[in-house]
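S.K.: The sequence isn't on hand, but the structure is:
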């Protein structure tokens, strides 16, 4: 399996994501610059956290126009896995690949601490190694992580089982305590907490490991099924 970790001017979690793939999975992973126009070699695209383009205008508002985002949209349409973390989640919502938007934290302060998440949907390629309802410790680090959508969209998220994670104790004011959502097809996930910072005991928690093992196991299952056909 081949992973791409996108890099925008201002990305600062790209190395964390790269190392998580390399150390947890031992799979092939490349940094891919925001000007790239071909993602066909990759099976999973990770859009990392940080402050892409300095968060000017709005978090992710400029990045969504980067050339590579056209390729991310194509990859998502083809059913490849796309994972947006923190600023990556913001970029995916700005690009229309996920519903909703991220606003300033209700406290108007930057939040940086461990949070407890509840796994709401463990039937996605990103969560299959978790138990339904499992509580996991994953750190956050954001100033604009307050997930918002209108009531109609929220009902759609609930009915389609697109809410992947909820906060046990809401740190930012997100509607319905939402910490992460998928697209309808389930192959695109955006989340504000950082699973790549929760893969080693020295970091205080290893609860993010199952995110990465879920992805590789889901891909292997698809790959094996395709080979059988």
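M.R.: Here it is on my side, so go on. None of the values given here were measured: they were computed from a predicted structure.
S.K.: so who does residue 93 touch?
M.R.: Applying CB atoms under 8 Å, 6 or more residues apart in numbering to residue 93 gives the contacts 60, 99-102, 190. Placement of C-beta: from N, CA and C, glycine included.
S.K.: Tell me where this structure has helices.
M.R.: For the chain, the helices defined by DSSP state H occupy 14-20, 67-77, 87-94, 151-159, 209-228.
S.K.: Columns distance to residue 199 on top of the ones you listed, output as a markdown table?
M.R.: Shown next, in a markdown table, are the helices of the chain (distance: least, CB to CB, whole Å):
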| stretch | distance to residue 199 |
| --- | --- |
| helix 14-20 | 5 |
| helix 67-77 | 23 |
| helix 87-94 | 17 |
| helix 151-159 | 28 |
| helix 209-228 | 5 |
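S.K.: Columns mean pLDDT and distance to residue 106 on top of these, output as JSON lines?
M.R.: Compiled in JSON lines, the helices of the chain are given as follows (pLDDT from 0 to 100; distance: least, CB to CB, whole Å):
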{"stretch": "helix 14-20", "mean pLDDT": "97", "distance to residue 106": "26"}
{"stretch": "helix 67-77", "mean pLDDT": "98", "distance to residue 106": "29"}
{"stretch": "helix 87-94", "mean pLDDT": "98", "distance to residue 106": "17"}
{"stretch": "helix 151-159", "mean pLDDT": "98", "distance to residue 106": "17"}
{"stretch": "helix 209-228", "mean pLDDT": "89", "distance to residue 106": "26"}
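S.K.: most tightly surrounded among the ones you listed?
M.R.: With neighbours taken as mean count of other CB atoms under 10 Å, the helices of the chain reach their highest mean count in helix 87-94, at a mean of 28.
S.K.: what's the angle between that one and helix 67-77?
M.R.: 80 degrees (axes from the mean of the first three to the mean of the last three CA atoms, to 10 degrees).
S.K.: next one: helix 87-94 to chain centre, how far?
M.R.: For helix 87-94, the distance from its own C-alpha centre to the chain's C-alpha centre is 9 Å (CA atoms, centre = their mean, to the nearest Å).
S.K.: ok, now stretch 194-202?
M.R.: With CA atoms, centre = their mean, you get 14 Å for stretch 194-202.
S.K.: for the contacts of residue 93, which one is nearest residue 2?
M.R.: Using CB to CB, residue 190 comes nearest to residue 2 of the contacts of residue 93, at 21.2 Å.
S.K.: what's around the closest residue to residue 104 other than its chain neighbours, how many residues?
M.R.: Sequence neighbours aside, residue 144 is the residue nearest to residue 104 in space, at 5.3 Å (criterion: CB to CB, 6 or more residues apart in numbering). Residue 144 has 20 neighbouring residues, counting by other CB atoms under 10 Å.
S.K.: Could you check how far residue 144 is from residue 58?
M.R.: 8 Å (CB to CB, to the nearest Å).
S.K.: one step back: can you pick out the most distant pair from the contacts of residue 93?
M.R.: Maximum pairwise distance among these (CB to CB): 14.2 Å, between 60 and 99.
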